[in-house]
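>>> here is the input, now give the coordinates:
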Amino acid sequence: MPDATRGGHRALGLVAAALAVTGAVFLGSTLLPRQTPPVPPPAQALATASPVASSRPAPVLPRSEPRHLDVPRIGVHVPLSRLSLNADGTVQVPPVDRPEQAGWYARGYTPGERGASVILGHVDGGGRKGVFYDLGRMRRGDSISVTRADGSAVTFVVQSVEQVAKSRFPSQRVYGPLDHAGLRLVTCGGGFDRRTGHYTDNIIVYARLT
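Residues are numbered from 1 along each chain as shown. The predicted structure follows:
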């Protein structure tokens, strides 16, 4: 795998293929309890996920793993675990019985590196609200901070928020290459299908290092 720990193309291909096969059940919604959960708020800041053009070089930092996530808009202040790939090539998720946890996809970029760093969290689990229950309330211009293992704290500004059907999960926009340091927060959203026990959509926040 070429540069697999830094989000190489093969890793992206595995994720994209897994999404295509599973209908983009990306955040482990197959693990969600078959019950009617509290309905999460819809995304309020729907906008294009295209990068904002800038004449200035994008700031980037050396690789350093994230340790803590702060999202003031929705009251999230949590440590981050490491996530990899399951044996079937799908992305791991935090334990569904610990919905308050969030995890960083460790085969990708670290927050502050040039590239897309991806953090995943449940919308709910075990009948309780999850860490990203209110992710749909994020708006363009909101700040997100990540504390890294090297002691630095990096701040990102939200560019857009997208709610998209799992069958059309934008794997390239979430995991694909960037010319700047980006961050993606991802959870489930939309309606809850009682027949399958899955949410129908994903909510994705796209942010850029300031």
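
>>> downstream of the host helix or strand of residue 164, the next helix or strand is which one?
When elements are assigned from DSSP states H and E, residue 164 belongs to strand 153-165. On the C-terminal side of strand 153-165, the closest following helix or strand by DSSP H and E is helix 171-175.

>>> what residues sit buried inside that next one?
Applying a neighbour-count criterion of 16 or more other Cβ atoms under 10 Å, one finds 171, 173, 174, 175 buried in helix 171-175. C-beta here means a position set from N, CA and C on the backbone, and glycine is covered the same way.

>>> identify the residues contacting residue 174.
116, 118, 184, 186, 204 (Cβ atoms under 8 Å, 6 or more residues apart in numbering).

>>> what about residue 198, neighbour count?
Close neighbours of residue 198, defined as other Cβ atoms under 10 Å, add up to 22.

>>> so who does the residue nearest to residue 128 when sequence neighbours are not counted touch?
Take residue 128 and drop its neighbours on the chain: the residue closest to it by Cβ to Cβ, 6 or more residues apart in numbering is residue 99, 5.6 Å away. Shown in contact with residue 99 (Cβ under 8 Å, 6+ apart): 121, 122, 123, 124, 125, 126, 128, 129, 130, 131.

>>> kindly recompute the last result at 6 Å.
By Cβ atoms under 6 Å, 6 or more residues apart in numbering, the residues touching residue 99 are 122, 124, 125, 128, 130.

>>> one more: residue 178?
Per Cβ under 6 Å, 6+ apart, neighbours of residue 178: 115, 116.

>>> specify the local secondary structure of it.
coil (DSSP: H, G, I helix; E, B strand; the rest coil).

>>> quick check: residue 109 touching residue 117?
Yes. Using Cβ atoms under 6 Å, residue 109 makes contact with residue 117 at a distance of 4.8 Å.

>>> ramachandran angles for residue 71?
phi -130, psi 90 (degrees, to the nearest 10).

>>> per-residue confidence for it?
pLDDT, residue 71: 98.

>>> helix or strand: which one has the nearest residue to residue 162 once chain neighbours are set aside?
Closest residue to residue 162 in three dimensions, ignoring its sequence neighbours and counting by Cβ to Cβ, 6+ apart: residue 204, at 4.8 Å. Counting by DSSP H and E, the element that carries residue 204 is strand 198-209.
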